[in-house]
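Student: give me a model of this one.
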Amino acid sequence: MTMFSRAGSITPRESVSLLPAYAAGKPPKAAEGLTPYKLSSNENPLGPVPAVVQAMAAVDTLHRYPHPNAENLRAGLAQVLDVSVEDIVAGTGSLGALTQIINAFAGSNSDGSQDEVIYAWRSFEAYPIVVRTAGAKDVTVPVLQDGRHDLEAMLAAITEQTKVLLLCTPNNPTGPALRHSEVETFLAKVPSDVVVVIDEAYQEFVRTEDPLDALALYRKHPNVAVLRTFSKAHGLAALRVGYSIAGQEITRHLRVVAAPFSVSTLAEVAALASLEHLSEVHERVDSLVAERDRVSAALAEAGWTIPEAQGNFVWLPLGEQTADFAEAAGLQALAVRGFPGEGVRVTIGEVEANDRFIELCRTYRFEA
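Tutor: This next block holds a predicted model:
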């Protein structure tokens with residue numbers, strides 16, 4: 001037997017060592033006399049509706065595996081959304097559903113070439129991690145000055161190697177939402193063999209003229225896949241349940257790469273209960289939208305110019321003052337999400353937290 005002697009440390013494959021680290025929102029630090037608030041993770045401060053808590057408390061099968069493919073949840077979604085149950089694939093949050101799509105359609109090939117995935121930047125910071133982990137090449141297109149997707153530039157970036165194109169709407173972290181007419185025009189120019197993913201993690205919060213109807217686009221375009229989640233509007237972030245909606249030309253491949261049992265029994269039961277009480281969910285979303293609009297109006301009155309906010313957060317393009325503002329917020333027992341050198345994303349939270357954030361913005365000296 002030949003014995004090998006290899007000195008050195010254990011290292012991952014090269015692509016893993018080059019991945020950017022995902023930076024989750026940090027909790028707030030205590031400050032004397034102030035209630036701390038976490039405004040750094042776009043969580044729903046209202047939590048789930050009461051029926052969800054009751055449904056979860058009744059679960060007595062924690063010793064059993066969940067449904068392999070979240071069959072009950074998919075059936076419930078199919079009924080609510082009026083789509084085929086075969087067009088729905090569940091995942092561990094919308095990020096898990098996205099990972100399925102990237103793993104199925106983009107990566108490295110036997111000849112050493114890499115498929116390309118196009119997305120706007122700055123956008124959801126998990127995109128480069130998912131794309132590069134799959135072995136694909138990410139192609140980023142800078143957002144416009146107002147934080148919106150540059151759709152024309154994204155079209156110009158398409159090559160023979162492009163396999164997937166991501167549209168994040170409302171865009172996280174900048175805030176603007178895409179309009180239906182502009183996406184319809186955009187899709188007419190995208191090659192039909194490119195999978196276009198419409199990431200709608202915050203779609204329930206959109207209040208614009210010409211709002212995007214992603215389900216209509218999926219019904220019309222076989223290359224469109226829609227991502228949604230129960231983490232934001234439904235207040236179920238801790239349970240990690242999301243899904244994709246696409247035609248079976250896409251979903252049949254997603255089922256090959258999807259991990260079984262990815263949606264827990266508790267998550268499935270909670271999501272179904274939330275679907276059964278959508279009117280209450282919408283009432284909570286409406287209250288958060290009203291708070292978002294109040295905060296946006298107060299910032300405008302204080303002299304701030306921010307992108308159109310259509311999620312459950314606002315974006316302050318602070319540039320080099322990002323870290324300074326985040327520190328100032330921390331002194332007020334507010335945790336915000338800073339992106340070094342670019343800006344700060346602030347979740348719409350409890351009224352007291354929003355009031356404290358507004359007051360900070362009124363007194364903070366920003367040098368544009």
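Student: chain center to the longest helix along the chain: distance?
Tutor: Counting by DSSP state H, the longest helix found in the chain is helix 278-301. For helix 278-301, the distance from its own C-alpha centre to the chain's C-alpha centre is 19 Å (CA atoms, centre = their mean, to the nearest Å).
Student: residues contacting the next helix or strand after it, please?
Tutor: As assigned by DSSP states H and E, the chain's next helix or strand after helix 278-301 is strand 313-316. For strand 313-316, the surrounding residues in contact (CB atoms under 8 Å, 6 or more residues apart in numbering) are 42, 147, 172-175, 292, 295-296, 299, 304, 306-307, 309, 325, 343-348, 361. Bear in mind the C-beta positions are built from the backbone N, C-alpha and C, glycine included.
Student: returning to what we had before: show me what the longest helix of the chain packs onto, helices and strands only.
Tutor: strand 313-316, helix 351-363 (3 or more CB pairs under 8 Å, 6 or more residues apart in numbering; DSSP states H and E).
Student: deepest of these, which one?
Tutor: Most buried of the helices and strands packed on helix 278-301, by mean neighbour count (mean count of other CB atoms under 10 Å): strand 313-316, with a mean of 26.
Student: parallel or antiparallel, list what pairs with it.
Tutor: strand 343-347 (antiparallel) (DSSP bridges).
Student: which other residues reach the partner strand?
Tutor: With CB under 8 Å, 6+ apart, strand 343-347 has contacts from 25, 38-43, 45, 172-174, 312-319, 322, 325-326, 329, 336-339, 357.
Student: buried subset of those, written for PyMOL?
Tutor: In PyMOL, this line selects whichever of the contacts of strand 343-347 come out buried by 16 or more other CB atoms under 10 Å:
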select buried, resi 25+38+39+40+41+42+43+45+172+173+174+312+313+314+315+316+317+318+322+325+326+329+336+337+338+339+357
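Student: now, which of the contacts of strand 343-347 lie within helices?
Tutor: Of the positions in these, 322, 325-326, 329, 357 sit in helices, assigned by DSSP H.
Student: from those, which is closest to Tyr243?
Tutor: The closest of the ones in helices among the contacts of strand 343-347 to Tyr243 turns out to be Phe357 (CB to CB; 32.3 Å).
Student: state the distance from that closest one to Pro128.
Tutor: From Phe357 across to Pro128, the span is 29 Å (CB to CB, to the nearest Å).
Student: what does Val314 give?
Tutor: 24 Å.
Student: same question for Gly319.
Tutor: Counting by CB to CB - Gly319 and Pro128 are separated by 21 Å.
Student: likewise for Ala225?
Tutor: In terms of CB to CB, Ala225 sits 19 Å off from Pro128.
Student: do Val206 as well
Tutor: 25 Å.
Student: over to Pro28?
Tutor: For Pro28, the distance to Pro128 - CB to CB - is 27 Å.
Student: tell me the centre residue of the chain?
Tutor: Taking CA atoms, centre = their mean, the centroid of the chain lies closest to Ala201, which sits 4.7 Å from it.
Student: isn't it up against Thr229?
Tutor: Yes - the criterion here is CB atoms under 8 Å, and Ala201 meets it with Thr229 at 5.0 Å.
Student: overlap in contacts of these two?
Tutor: Joint contacts of Ala201 and Thr229 (CB under 8 Å, 6+ apart) are 94, 242.
Student: quick one, domains of the protein?
Tutor: By the assignment in automatic domain parsing, the chain contains the domains 22-42+279-363, 50-276.
Student: which of these sits closest to Ile10?
Tutor: domain 50-276 (18.5 Å).
Student: can you give the distance of that closest one from its chain's centre?
Tutor: 8 Å.
Student: what's the end-to-end length of it?
Tutor: Length of domain 50-276, first residue to last, CA to CA, to the nearest Å: 12 Å.
Student: ok, stretch 81-93 next?
Tutor: Stretch 81-93 has its terminal residues 18 Å apart, counting by CA to CA.
Student: what sits up against it?
Tutor: 69-70, 73-75, 77-78, 97-100, 215, 218, 229, 231, 240-248, 251, 254-255, 258, 262-263.
Student: show me the helices in the chain, by range?
Tutor: 14-17, 50-57, 71-81, 93-105, 127-133, 151-156, 180-187, 214-220, 248-257, 265-275, 278-301, 322-331, 351-363.
Student: from the ones you listed, which stretch is densest packed?
Tutor: Of the helices of the chain, the one with the most neighbours on average (mean count of other CB under 10 Å) is helix 93-105, at a mean of 24.
Student: next, the angle helix 248-257 makes with it.
Tutor: 100 degrees (axes from the mean of the first three to the mean of the last three CA atoms, to 10 degrees).
Student: what angle separates helix 93-105 from helix 265-275?
Tutor: 110 degrees.
Student: ok, back up a step: and the direction of the longest helix of the chain versus that of strand 343-347, what angle?
Tutor: Using the same axes, to 10 degrees: helix 278-301 against strand 343-347 is 140 degrees.
Student: restricting to C-alpha, output helix 278-301 in CSV.
Tutor: This file holds the C-alpha atoms of helix 278-301, laid out as CSV (Å, rounded to 0.1, in the frame of the first residue of the first chain):
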residue,chain,number,x,y,z
LEU,A,278,-55.5,36.2,4.4
SER,A,279,-57.8,39.1,5.3
GLU,A,280,-56.1,39.4,8.7
VAL,A,281,-52.7,39.1,7.0
HIS,A,282,-53.6,41.9,4.6
GLU,A,283,-54.9,44.1,7.4
ARG,A,284,-51.4,43.8,9.1
VAL,A,285,-49.7,44.5,5.9
ASP,A,286,-51.8,47.6,5.3
SER,A,287,-50.8,48.9,8.8
LEU,A,288,-47.1,48.4,7.9
VAL,A,289,-47.6,50.1,4.6
ALA,A,290,-49.2,53.1,6.4
GLU,A,291,-46.2,53.2,8.7
ARG,A,292,-43.8,53.0,5.8
ASP,A,293,-45.5,55.9,4.0
ARG,A,294,-45.5,57.9,7.3
VAL,A,295,-41.7,57.3,7.7
SER,A,296,-41.0,58.1,4.0
ALA,A,297,-43.0,61.4,4.3
ALA,A,298,-41.2,62.4,7.5
LEU,A,299,-37.8,61.7,5.9
ALA,A,300,-38.8,63.8,2.9
GLU,A,301,-39.9,66.6,5.2
